[in-house]
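# need the 3D shape of this:
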Amino acid sequence: MSEAPRSIEIFPGPGRLDGRQADDIADFAADYRANGRSQIIAEVPSHNGVGAAGHRGLMGVREALSRNGVSPALISVRSYPAGHYSVASPIRLSFAKLQARVPHPCGQWPEDLGASNGRFSAENRSYWNLGCATQTNIAAQVANPIDLQRAMAESRIDTVRRMSVVDKIRQGQDPSTAYRDSATRINQTVGN
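A predicted model of the protein is given here:
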């Protein structure tokens, strides 16, 4: 578990944000409201000391964040040198978020695993980072990293379903759900 940045780059045009950018900001804001552990840092490009275009785009980004429930007080603005004004430079948004991670990069091989290392082969033990890629993939798929540390509380039971099952058992009926499959099977439509 570590706090790591969640970031997005927005390339605002001279007018409003396009639909995809607005959707990206809405998703970013929702993630921030659910998982944000810091202010949102908005880095605006400054082209050779002139940042007017970036600041005009920032207004649209601020409005989109505000529409999606992020208070303007939670946004800290900084500038970064972007080089020549003819090059498209993004507005970078980021915040700290708790994320599951493997503590070291995968693919490190501190020992030779080949036949030349007889001691390693004779000991019949796992190599140094066995399962690292699997652990990295699982960590990337976890929606809430806290779930890896502790279990969630149980939710309320479905009393209607429970009573239906109990009534069927009392009546001597099978309580399992009967699924109807009226679809045509492939082996019926395709000849042998």
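# what segments of this structure are helices?
Along the chain, counting by DSSP state H, helices occupy 19-35, 52-67, 118-123, 132-141, 159-170, 186-189.
# distance to residue 4 added to those, as CSV?
(C-beta placed from N, C-alpha, C; glycine too.) Conversion of the helices of the chain to CSV gives the following (distance: least, C-beta to C-beta, whole Å):
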stretch, distance to residue 4
helix 19-35, 11
helix 52-67, 21
helix 118-123, 34
helix 132-141, 11
helix 159-170, 41
helix 186-189, 47
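# closest to the centroid, which residue in this protein?
To find the centre residue of the chain, average its C-alpha atoms and take the closest one (C-alpha atoms, centre = their mean): that gives residue 143, at 6.5 Å.
# pLDDT score for it?
On pLDDT, residue 143 comes in at 80.
# also the one 5 residues further on?
Here the pLDDT value assigned to residue 148 is 82.
# cool, residue 74 as well?
The per-residue pLDDT of residue 74 was computed as 94.
# neighbours of it, how many?
Close neighbours of residue 74, defined as other C-beta atoms under 10 Å, add up to 14.
# gap between the nearest residue to residue 60 once chain neighbours are set aside and residue 67?
In space, and not counting its chain neighbours, residue 60 is closest to residue 17: 5.0 Å by C-beta to C-beta, 6 or more residues apart in numbering. Separation of residue 17 from residue 67 (C-beta to C-beta, to the nearest Å) stands at 11 Å.
# those two: who's more crowded?
Using other C-beta under 10 Å as the criterion, residue 17 and residue 67 rank with residue 17 on top: 19 against 12.
# surely the more buried one and residue 65 touch.
No. The criterion here is C-beta atoms under 8 Å, and residue 17 misses it with residue 65 at 10.8 Å.
# what do the two both touch?
Each of residue 25 lies in contact with both residue 17 and residue 65 under the rule C-beta atoms under 8 Å, 6 or more residues apart in numbering.
# mean confidence (pLDDT) on stretch 156-172, please.
Here stretch 156-172 scores 91 as its mean pLDDT.
# now do the buried residues in that stretch.
By neighbour count with 16 or more other C-beta atoms under 10 Å, stretch 156-172 contains no buried residues.
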